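Visitor: Fold the following and give me the result.
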Amino acid sequence: MNIRLSGRRILVTGGTQGIGEGVALAAAEAGTAAICITGRNADRGAQVVARLRGLGVAAHFVAADLADAAATAGILAQAESALGLIDGLVNAAGLTDRGTILDTDAALWDRLFAVNARAPFLLTQAFARRLVAEKRPGAIVNVITMSSHGGQPFLTGYASSKGALATLTKNTAHGLRPHRIRVNGINLGWADTPGEHAIQARDGNPPDWREAVEPTQPFGRLIRPADVAGLATYLLSDAAEMMTGALIDFDQNVMGAYE
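Guide: Numbering: from 1, shown residues only. The predicted structure is shown next:
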């Protein structure tokens, strides 16, 4: 199986850390020609761009807050102005703020949907319109979550927004088939990322929370960015050219199975 991205130009949201950074680095190692990453932290963006360039890849950073619809809508044009026509999109950015049905207010709900569902919609729309106009194929990978199946009570807004992204994945996969634009999603399980560390600290857990929870997991650890990055690279590549509309549960637990 030839999992290579030679000559491809990839846009990765949330590429300054965690899953997005892991996907960007894996794409570089798979031979992609150019990678644009987005994020809010310009210093981290510069560091990741430097790493990508060190791997021999043309790289560019776009500073953008995905909660801002206008800023999100302009990302693709900035990426293509710097690197040329983008033919792969990875929507890896996301917010995981807590909130139950009893305490989630409208502002939190709207913010979660803006970043987790509206931003991928806007980027997918801009990306698809560009490729259709150019009569070129492409691939989209949406990083979703196992919580899109329903989720925990304390993640009402997050699970709902990612459930919307799961539906968007299937809907757009079906609609874009005639244009040979593939759309697939990854339902990611509990992962060891900077964002998760921040959430754990906010929840009042100690810095060594990971050491306590990893031995309790079926395979002895949490998912790491490099684990999912390989799958994302596969879904972007020609090795997956016959695959679209898939929602892959990437977890060490089996949804729907009980002790």
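Visitor: which stretches of the protein aren't confidently modelled?
Guide: Along the chain, the parts satisfying pLDDT under 70 run over 1.
Visitor: switch the cut-off to 80
Guide: Screening the chain residue by residue with the criterion pLDDT under 80, one finds the ranges 1-2, 259.
Visitor: biggest helix in it by residues?
Guide: Of all the elements of type helix in the chain, the one with the most residues (DSSP state H) is helix 156-176.
Visitor: Just the buried residues of it, please?
Guide: 156-166, 168-170, 172-173, 176 (16 or more other Cβ atoms under 10 Å). Quick note: C-beta positions are derived from backbone N, CA and C, even for glycine.
Visitor: so how far is Asp208 from the spatially most central residue of the chain?
Guide: Taking Cα atoms, centre = their mean, the centroid of the chain lies closest to Ala92, which sits 1.5 Å from it. Per Cβ to Cβ, to the nearest Å, Ala92 is found 27 Å from Asp208.
Visitor: do the same with Arg129
Guide: Taking Cβ to Cβ as the measure, Arg129 falls 47 Å from Asp208.
Visitor: and Gly56, how many residues sit next to it?
Guide: Gly56 is flanked by 10 other residues according to other Cβ atoms under 10 Å.
Visitor: no wait, Leu108
Guide: When counting by other Cβ under 10 Å, one arrives at 17 neighbours for Leu108.
Visitor: Now do the SS call for it.
Guide: Here Leu108 takes the helix state, with states given by DSSP: H, G, I helix; E, B strand; the rest coil.
Visitor: who has more neighbours, Arg129 and Asp208?
Guide: A count of neighbours by other Cβ under 10 Å puts Arg129 above the other of Arg129 and Asp208, at 11 against 8.
Visitor: List phi and psi for that one.
Guide: For Arg129, the backbone dihedrals are phi -60, psi -40 (criterion: degrees, to the nearest 10).
Visitor: Now do the same contact list for it.
Guide: Residues near Arg129 by Cβ atoms under 8 Å, 6 or more residues apart in numbering: none.
Visitor: For Arg8, see how far away it is.
Guide: With Cβ to Cβ as the criterion, Arg129 and Arg8 are 19 Å apart.
Visitor: again, but for Ala92
Guide: When Cβ to Cβ is applied, the distance between Ala92 and Arg8 equals 16 Å.
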